[in-house]
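Student: next comes the sequence, and after it the predicted model I'd like to discuss.
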Amino acid sequence: DTGVSQDPRHKITKRGQNVTFRCDPISEHNRLYWYRQTLGQGPEFLTYFQNEAQLEKSRLLSDRFSAERPKGSFSTLEIQRTEQGDSAMYLCASSLGPGELFFGEGSRLTVL
Amino acid sequence: RKEVEQDPGPFNVPEGATVAFNCTYSNSASQSFFWYRQDCRKEPKLLMSVYSSGNEDGRFTAQLNRASQYISLLIRDSKLSDSATYLCVVSPRTGGFKTIFGAGTRLFVKA
């Protein structure tokens, strides 16, 4: 399978714990995006990488969220001190230049 | 005001019907426009890009009105398989960056 892959697919954690999600984009894609989606809403932009550079970050993203793409390949999204409001589907997408975004199946986070 | 606004629906239509969705965007500098489709519990997938001259792909027609800052999607001869959420997507400039998704319009096509 050469699509975007995300891990883990599901994560249940207790409030206050840290969680990390990983995204492996399509190999030749230089652009990588993280989105968050809750029930009944569209994907909400979190951050964008071009190669290893994080070029844009949503103002909605609190300091508890951090993302990296150390070698311009895979990316990680870490949430520190999770809150119940962080419960959502975290979607990763990649693209080659402008145009179509290819999404992974997402990582579903449940904070108890 | 949200950057991209859509009527959430749901739209309930019979097979064979024609249905239209509209979407408005607030950033007049927006350059790229798309419609994505999202099936229940699945990831979004590109349905079609939207060009200033309008474009058609089979039963689907997309149009852009820059002056009024809205985008439309027309589906003709609806099929049961068209049941999904349709997401309006806007990029502030050519090149992606902060690509913004609307909340989506839900469509149910019934036999």
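Tutor: Okay, I see it.
Student: where do the strands sit along chain A?
Tutor: Here chain A has its strands, by DSSP state E, at A:5-7, A:10-13, A:19-24, A:31-37, A:44-50, A:53-57, A:65-68, A:75-79, A:88-95, A:102-103, A:107-111.
Student: of all those, which one is nearest chain B?
Tutor: strand A:102-103 (3.8 Å; CB to the nearest CB). In short, each C-beta sits where N, CA and C put it, glycine included.
Student: list the helices and strands the closest one packs on?
Tutor: strand A:88-95 (3 or more CB pairs under 8 Å, 6 or more residues apart in numbering or on different chains; DSSP states H and E).
Student: distance from the strand it packs on to the middle of the chain?
Tutor: Relative to its chain's centre, strand A:88-95 lies at 5 Å (CA atoms, centre = their mean, to the nearest Å).
Student: got the angle for that strand vs strand A:19-24?
Tutor: Counting by axes from the mean of the first three to the mean of the last three CA atoms, to 10 degrees, strand A:88-95 lies at 30 degrees to strand A:19-24.
Student: residues in contact with stretch A:79-88?
Tutor: Stretch A:79-88 has contacts (CB atoms under 8 Å, 6 or more residues apart in numbering or on different chains) with A:13-20, A:36-38, A:64-66, A:108-112.
Student: buried among those? Make that a ChimeraX selection.
Tutor: In ChimeraX syntax, the buried subset of the contacts of stretch A:79-88 is picked out as below (16 or more other CB atoms under 10 Å in any protein chain shown):
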select /A:13,19,36,37,65,108,109,111
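Student: returning to what we had before: let me have the strands of chain A in a markdown table, adding mean pLDDT as columns.
Tutor: Formatted as a markdown table, those follow (pLDDT from 0 to 100):
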| stretch | mean pLDDT |
| --- | --- |
| strand A:5-7 | 97 |
| strand A:10-13 | 98 |
| strand A:19-24 | 98 |
| strand A:31-37 | 95 |
| strand A:44-50 | 93 |
| strand A:53-57 | 89 |
| strand A:65-68 | 95 |
| strand A:75-79 | 97 |
| strand A:88-95 | 96 |
| strand A:102-103 | 96 |
| strand A:107-111 | 98 |
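Student: now distance to residue B:22 too, for those, in a markdown table please.
Tutor: A markdown table is the format used below for the strands of chain A (distance: least, CB to CB, whole Å):
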| stretch | distance to residue B:22 |
| --- | --- |
| strand A:5-7 | 32 |
| strand A:10-13 | 35 |
| strand A:19-24 | 33 |
| strand A:31-37 | 22 |
| strand A:44-50 | 21 |
| strand A:53-57 | 27 |
| strand A:65-68 | 33 |
| strand A:75-79 | 33 |
| strand A:88-95 | 25 |
| strand A:102-103 | 24 |
| strand A:107-111 | 31 |
